[in-house]
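Student: No sequence on hand, only this structure:
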């Protein structure tokens, strides 16, 4: 029996998740429709802008994203530390960037005097919003729903824009995380929409490379790379930015049809650190969604979370044992 989403997204398992949404009937509703000749390319910018806006409002870090012609990917990190550090006023300010709120919370933001009952009502609402600011389901809802309304308004029609709410995969360790991020960032190269990572429109890797080349810094709207794991580790992705860019740059050409079967001998050092074989890595970064189900990580972690959630069998265990 399928498990409810609240059991599939659990901080006890991991704070990292890969989420995907597809357009209805997988039509080209976000790109250039070669059948009708209509160009919907501008909608990809809508989605990218929305992702980056939500990254500043929610206490959910965007690790990677790619907006394709008929679907989008995001790799998200639930930042529980950030949401716990917010005071009630900051929670309201963030929520009001997306939604109107209530008359009481609007008065609270303005600093108007309130009696005890009103303060209690505001406290209850703030507690709810605090939980929703680190809720991936709310993040995806705030991403997809406005895009659907905007697209339907442009098309002067009604009905579904997205096939379903969204699909999610839990990334249980470093190997799963970096493989998923590279898989997402390399989507346009596999689809032959770009020749190099820096030419990949509407992707996190292009944004990271441009920021690094132009300003020698990391984009403030994306989760930062903070280097390899160590003591007193700051919040962020447990890899070095230059290592990751090198890895993606090395991986991209390996997926080209004229490069099949000829793996570049100059392996990125990050593969050695994570003990990933080159052939396994190429499978991971080209078949991530099709190979894995709801959890991806070391076999021991998969077994532990499956037992915790009451599964008699461990979904995806054989593939994780073979590739991770």
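Tutor: That came through, no problem. Everything numeric here is computed off the predicted structure, so don't read it as measured data.

Student: Residues touching stretch 145-160, excluding its own?
Tutor: Residues from elsewhere that reach stretch 145-160 (CB atoms under 8 Å, 6 or more residues apart in numbering): 24, 29, 40, 43, 46-47, 50, 161-162. C-beta: built from backbone N, CA, C; applies to glycine.

Student: let me redo that: stretch 25-34
Tutor: 23, 35, 38-41, 43-44, 47, 67-72, 151, 161, 163.

Student: can you check stretch 116-132 too?
Tutor: 83, 86, 88, 91-92, 94-95, 101-102, 104-105, 107-108, 114, 138.

Student: Mind checking the pLDDT average for it?
Tutor: Here stretch 116-132 scores 96 as its mean pLDDT.

Student: State the helix or strand in which residue 129 lies.
Tutor: helix 116-132 (DSSP states H and E).

Student: can you give me the helices in the stretch 101-250 of the chain?
Tutor: Using DSSP state H, counting those that start in this stretch, the helices of the stretch 101-250 of the chain run over 103-110, 116-132, 136-155, 174-185, 187-190, 204-215, 241-254.

Student: Of those, flag the one that's most buried.
Tutor: Here the criterion is mean neighbour count by mean count of other CB atoms under 10 Å, and of those the winner is helix 174-185, at a mean of 24.

Student: That one packs against which elements?
Tutor: The contact analysis (3 or more CB pairs under 8 Å, 6 or more residues apart in numbering; DSSP states H and E) places helix 174-185 against strand 16-22, strand 60-67, strand 71-78, strand 167-171, helix 204-215, helix 241-254, helix 278-291, strand 295-296.

Student: next one: that helix to chain centre, how far?
Tutor: Per CA atoms, centre = their mean, to the nearest Å, the displacement of helix 174-185 from the mean C-alpha position of its chain is 11 Å.

Student: What of stretch 217-237?
Tutor: On CA atoms, centre = their mean, the centre of stretch 217-237 falls 16 Å from that of its chain.

Student: quick one: terminal-to-terminal distance for it?
Tutor: Distances were taken as CA to CA, to the nearest Å; on that basis the terminal residues of stretch 217-237 are 15 Å apart.

Student: So, low pLDDT: which residues of the protein?
Tutor: For the chain, the stretches flagged by pLDDT under 70 are 1-8, 256-265.

Student: Swap in 50 and give it another go.
Tutor: Low-confidence segments of the chain (pLDDT under 50): 1.

Student: related to what we said a few turns ago, between the contacts of stretch 116-132, which is nearest residue 217?
Tutor: residue 94 (24.1 Å; CB to CB).

Student: Could I get the phi/psi values of the closest one?
Tutor: phi -60, psi -50 (degrees, to the nearest 10).

Student: Residue 80 now?
Tutor: Note on residue 80: backbone dihedrals following degrees, to the nearest 10 are phi -60, psi -30.

Student: For it, give me its contacts.
Tutor: Residues in contact with residue 80 (CB under 8 Å, 6+ apart) are 11, 15, 59, 134.

Student: quick one, domains of this structure?
Tutor: 1-80+138-172, 87-132, 173-291 (automatic domain parsing).

Student: Report the distance from the first one to the chain centre.
Tutor: The reference is to domain 1-80+138-172. Distance of domain 1-80+138-172 from its chain centroid, counting by CA atoms, centre = their mean, is 9 Å.

Student: so what's residue 38 up against?
Tutor: Contacts for residue 38 (CB under 8 Å, 6+ apart) come out as residue 32.

Student: where's it relative to residue 48, distance?
Tutor: Distance from residue 38 to residue 48, counting by CB to CB, to the nearest Å: 20 Å.
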